[in-house]
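# Please find the sequence and the predicted model below.
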Amino acid sequence: MKKLLEEFKAFALKGNVMDLAVAVVIGGAFGKIVTALVESIIMPLVGILLGGKNFSNLSITIGESVIAYGAFLQAVVDFIIIALAIFVFIKMLSTVTGKLKKQEPAAEPEAPKATPTEEYLLEIRDLLKEQKAEKTSDN
């Protein structure tokens, strides 16, 4: 159980989860703004252009049922505006992050590993250098 709680804590405190939570809150507030914009400004203007119709009251009565398709039309316009705004925001964000992202230097290629024969030859060379250094220091 303790391990599960630790994993959940690591998951919940990751930057992506916190970013998502902030995005949901801001998105909800943005949705309310767009809804108010559509209901109060855009749909009345569209109604004026179409001969003074009030879209919020558009409905069809079939028997005793009322189908309020005006509210549906407003919701569709809300969706289109929100989708467009998100598309533009993501497009701008990807452009900005692309320009700000530094080009990572290419990783230096690793030196090829020496074969065992080459390692022995290197050891012999080093030993000979040491012997030569000892001889010159003795003289």
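Good, I have the coordinates.
# From now on I want contacts and neighbour counts done on CA atoms only, so please keep to that.
Fine.
# Stretch 123-136: how far from the chain's middle?
Its chain's C-alpha centre and that of stretch 123-136 lie 60 Å apart, by C-alpha atoms, centre = their mean, to the nearest Å.
# Residue ranges in the chain under the pLDDT threshold?
12, 15, 99-106, 139 (pLDDT under 70).
# what sits up against the helix or strand harbouring Val46?
In the assignment (DSSP states H and E), Val46 maps to helix 43-49. Helix 43-49 is contacted from outside by Lys53, Asn54, Phe55, Gln74, using C-alpha atoms under 8 Å, 6 or more residues apart in numbering.
# Mind checking which of those are buried?
Phe55, Gln74 (16 or more other C-alpha atoms under 10 Å).
# which of the contacts of helix 43-49 sit farthest apart?
Lys53 and Gln74 (13.2 Å; C-alpha to C-alpha).
# before we move on, back to that, could you dump the contacts of helix 43-49 to a markdown table with distance to Ile82 and secondary structure?
Listed next are the contacts of helix 43-49 as a markdown table, based on distance: C-alpha to C-alpha, whole Å; DSSP: H, G, I helix; E, B strand; the rest coil:
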| residue | distance to Ile82 | secondary structure |
| --- | --- | --- |
| Lys53 | 24 | coil |
| Asn54 | 22 | coil |
| Phe55 | 19 | helix |
| Gln74 | 12 | helix |
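# For Glu64, state which of the contacts of helix 43-49 is nearest.
Distances from Glu64 to these, taken by C-alpha to C-alpha, are shortest for Phe55, at 20.9 Å.
# Helix, strand or coil: sort out Ala111 for me.
State at Ala111, reduced to three classes by DSSP: H, G, I helix; E, B strand; the rest coil: coil.
# Which helix or strand contains Tyr30?
Wrong residue type there; residue 30 is Phe, not Tyr. Counting by DSSP H and E, Phe30 is part of helix 15-37.
# Quick check: buried residues in that helix?
Neighbour-count burial for helix 15-37 [16+ other C-alpha under 10 Å]: Gly31, Val34, Thr35.
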